[in-house]
Structure formats: C-alpha cells, structure tokens
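In: Sharing a sequence plus its predicted fold:
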Amino acid sequence: MKAAVVPAVSSTWQVKDVPQPQPGAGQVLVKMHASGICYTDVHQTLGHLPGQFPRILGHEPVGEIVAVAPDVTTRKVGDRVGSAWIQSTCGRCEWCLRGRRMFCPYLKGTGGEAQGGHAEFMPMNADATYLIPDKVSFEQAAPIFCAGYTVYSGLRWANPKPHERVAVLGVGGLGHLAIQYAKAAGFETIAISHSPDKDKLIRNLGADEVVRDGKGLASAGGADVILSTSNSTKAMNESIQGLRPDGRLVTMGADAEPLSVSLLDLISKRIQIIGSQQNGPEYLYEALDYVAQGKVKSMIETYPLAEAVKAYQRVAEGKARFRAVLTM
Ligand SMILES: [Zn+2]
Ligand SMILES: [Zn+2]
C-alpha cells in the first residue's frame, strides 16, 4: 500500500510503498478514506513528542472496515469508522480501572506507537473505533476525531453555565471548530483573532464579536471561559486579562515556553487555568452529532495522499484554511 512515511526525525515526509497491514486479534482493517493533518503532526515530525522513526503519522483517521479479526463481534465489514488518539491502553492500571484511559502509562497513541492514518490501510483496535453518523462524510468526519473532539472536550470540561460568555483564542484548525461548537451549544461567543483579514469569515462561523487580544476582550465585557487553541504561550498569557472573575482559561495548544501568570490576578479574580485534552468518548459522540445536525462544519483543504508532502508544508507554515485533510 501507499503511505506517507516520516523516515527520521525532522526529515521530509515521503509517500512510498510499504507492506499492507493485516488485522491482529481484536482489530479491524480499515480502508482509509480521509486523514486530517494536525499541528501535532508537526511536533511529532520535529521530535518534540516521543516516538520511533520511520513512522506513519495521522491521528484523525476515518474510513470503511474491509476486514475484521475472528474475535471481533462489535464491528463488521462495511462499517464507517474513525479512531481518535487512544489506540490501546493496558486495561489494568488505576486510570484504566477508573475509566480515565488517557492517563494510562501504557497508552499507545494513533500515529504514535501505533500506525497512523496517512496511508491506504490502517489496522485499528475494534474498541478504539467509533461509528461515524450516516449524514457525516468522511472528509467532514476526519477533523472531528482530533480537532473537533479536543475543542468540544475543552468546552465541556470548562463546564460553562447558562448566560456565560465563551471566547476562543486562535482561529485555526481547532479554533474555527471551537467557535462553532460554543455557538451550537448556545453560548455568546467571542473570537480573539490577531488577523483582521479573517474577521468576516469568523463572523460567518457564528462569532458574535471579534476582538484582537485580552485587552480588547476585557473592553468587550470579558469572557467566563477562554478556549485557548493557540500555540503561543505569549498570546495565552495576554488573553488572561480578558477573563471575568471566576473565569477559566482552558489550554489545548502549546509551545515550548512556560506559562507565567500573575498570582495577584489569579487570586483576586479566582481564575482557574485548566489543561484539557480529549476528555472521554461521550464528548466525541456529541462532537460528531453536532456535525450530523449540520450545526458544525469543518472548513478543509483536501489533498490526495500523493500530495501529503505539500499538505504537511501548508500545516507546518500555518497556511492551511483551516484543516488539511488527506484523501485516499
Ligand atoms: Zn491532533
Ligand atoms: Zn492502563
């Protein structure tokens, strides 16, 4: 099969022939139809995250099941499925037993320790697959398995109450979905965006207001929740001044800089800073369902697998509007 392979750390991706995988025990084989490229792919390629090379990345894989292992009873050939970050966990540690598999020390990540989706076929653990609603196309579904799942999880984890205001910092692959989810969930939604050229588009996504920074957010009345999808620690720090008392900053992106926060601000406004990831499958279910209802739509650029190198460049340079999705 053809696959986009990262041969070594910080090297250029190569689209080449590799042996086609077969489903092992508990697995299904998926003929891939779409696979989104996340900024995490850039972190992985550059070695910012642990992982072996050569490796096939891609943790937004979706497609159709073409084979199932004999012991699999919950999935069948023809099912339309996707998989998120967790490919497998040990099932025995405290965190697996508590149902918080994301903290399992033996977690195997999709496109991390397990093969990712930038390929024509991918073996998925049956219990790591999620059925895609009939109304959602493969191309629309792919970005939901990381970007959509992550931002919707962040919104739910912030536990916004009726009448609270939600701001989204950074309007890219994650942020453009975060605006739509906050709006679909019924919250007044403010985008924090540095680039005036995106304003019209941001309003079309459903934002009630667009501000430039935390100061602008404060003048616009502030927010109770800031969903930070930015990769800039500086921008996150600056945005805090737009938080209202009892406000929550939910961080979902990162760069190498530590976040340094004024403790006086933190205490006087009783602010919470919350790290968030993919917080459990019920949020993925809801995130996909909003897409099925037509309330959230991924804005994507699609590239055939053969053009994976070009697609990756777009993502690495921050040029993709807003998610680059490989199609097979
Ligand atoms: Zn991702
Ligand atoms: Zn475990």
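Out: Alright, I've got the coordinates. Residues are numbered from 1 along each chain as shown. Ligands and ions are numbered 1, 2, ... in the order given.
In: For the residue of the stretch 101-250 of the chain found nearest ligand 2, give me its contacts.
Out: Distances between the stretch 101-250 of the chain and ligand 2 by Cβ to the ion are smallest at C104, namely 3.1 Å. For every residue, glycine as well, the C-beta is placed using N, CA and C. Shown in contact with C104 (Cβ atoms under 8 Å, 6 or more residues apart in numbering): 89-90, 93, 95-96.
In: now G63
Out: With Cβ under 8 Å, 6+ apart, G63 has these contacts: 30-34, 80-82, 117, 122, 138, 328.
In: Mind checking what helix or strand follows the worst-scoring helix or strand of the chain on mean pLDDT in sequence?
Out: The weakest-scoring helix or strand in the chain, judged by mean pLDDT, DSSP states H and E, is helix 263-268 (a mean of 93). Sequence order places strand 272-275 as the next helix or strand after helix 263-268, per DSSP states H and E.
In: does E139 really touch Y303, like I thought?
Out: No. With contact defined as Cβ atoms under 8 Å, E139 does not count as touching Y303 (11.1 Å).
In: Residues that sit against both of the two, list them.
Out: With Cβ under 8 Å, 6+ apart, E139 and Y303 have common neighbours 325, 327.
In: Closest approach to ligand 1 from the stretch 201-328 of the chain, which residue is it?
Out: Closest point on the stretch 201-328 of the chain to ligand 1, by Cβ to the ion, is Q278, at 8.8 Å.
In: Enumerate every residue touching that residue.
Out: Taking Cβ under 8 Å, 6+ apart as the test, what Q278 contacts is 84-86, 102, 146, 149-150, 153, 284.
In: mind running it again at 7 Å?
Out: 84-85, 102, 149-150, 153 (Cβ atoms under 7 Å, 6 or more residues apart in numbering).
In: Counting neighbours, which bits of stretch 249-269 end up buried?
Out: 249-254, 269 (16 or more other Cβ atoms under 10 Å).
In: start to end distance for it?
Out: 12 Å (Cα to Cα, to the nearest Å).
In: Phi, psi for the residue of the stretch 51-200 of the chain found nearest ligand 1 please.
Out: Ligand 1 sits closest to C146 of the stretch 51-200 of the chain, with a gap of 3.3 Å, by Cβ to the ion. Note on C146: its backbone torsions stand at phi -120, psi -70 [degrees, to the nearest 10].
In: Pull the number of nearby residues for it.
Out: Look at C146: counted by other Cβ atoms under 10 Å, it has 29 neighbours.
In: do S239 as well
Out: 26.
In: same question, T302
Out: 15.
In: How much space separates it from T150?
Out: 21 Å (Cβ to Cβ, to the nearest Å).
In: got it, and P54?
Out: 26 Å.
In: ok, these two, which is more surrounded?
Out: The residue with more neighbours, out of P54 and T150, is T150; 30 against 13, by other Cβ under 10 Å.
In: so what pLDDT did the more buried one get?
Out: Reading off the confidence values, T150 has pLDDT 98.
In: tell me which element it is part of?
Out: helix 147-158.
In: Tell me which strands the next helix or strand after that helix pairs with, and in which orientation.
Out: Next in sequence after helix 147-158, counting helices and strands by DSSP H and E, comes strand 165-169. In the sheet containing strand 165-169, its partner strands are strand 188-192 (parallel), strand 223-228 (parallel), by DSSP bridges.
In: Is it possible to get those out as CSV so that each row also shows mean neighbour count and distance to A69?
Out: Output for the strands paired with strand 165-169, formatted as CSV (neighbours: other Cβ atoms under 10 Å; distance: least, Cβ to Cβ, whole Å):
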stretch, mean neighbour count, distance to A69
strand 188-192, 26, 44
strand 223-228, 29, 39
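In: Can I get the ones you listed in TSV including mean pLDDT and distance to T74?
Out: Output for those, formatted as TSV (pLDDT from 0 to 100; distance: least, Cβ to Cβ, whole Å):
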stretch	mean pLDDT	distance to T74
strand 188-192	98	37
strand 223-228	98	33
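In: so which of those comes closest to I132?
Out: strand 223-228 (24.4 Å; Cβ to Cβ).
In: now what about that closest one, what contacts it?
Out: 151, 154-155, 158, 160, 164-170, 178, 190, 217, 236, 239, 242-244, 247-253.
In: from the residues you listed, which are also near ligand 1?
Out: By Cβ under 5 Å from the ion, no member of the contacts of strand 223-228 lies near ligand 1.
In: Going through those residues, which ones are buried?
Out: 151, 154-155, 158, 160, 164-170, 178, 190, 217, 236, 239, 242-244, 247-253.
In: Write the PyMOL selection for whichever of the contacts of G63 are buried.
Out: Selection of buried members from the contacts of G63 for PyMOL, criterion 16+ other Cβ under 10 Å:
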select buried, resi 30+32+33+34+80+81+82+117+122+138+328
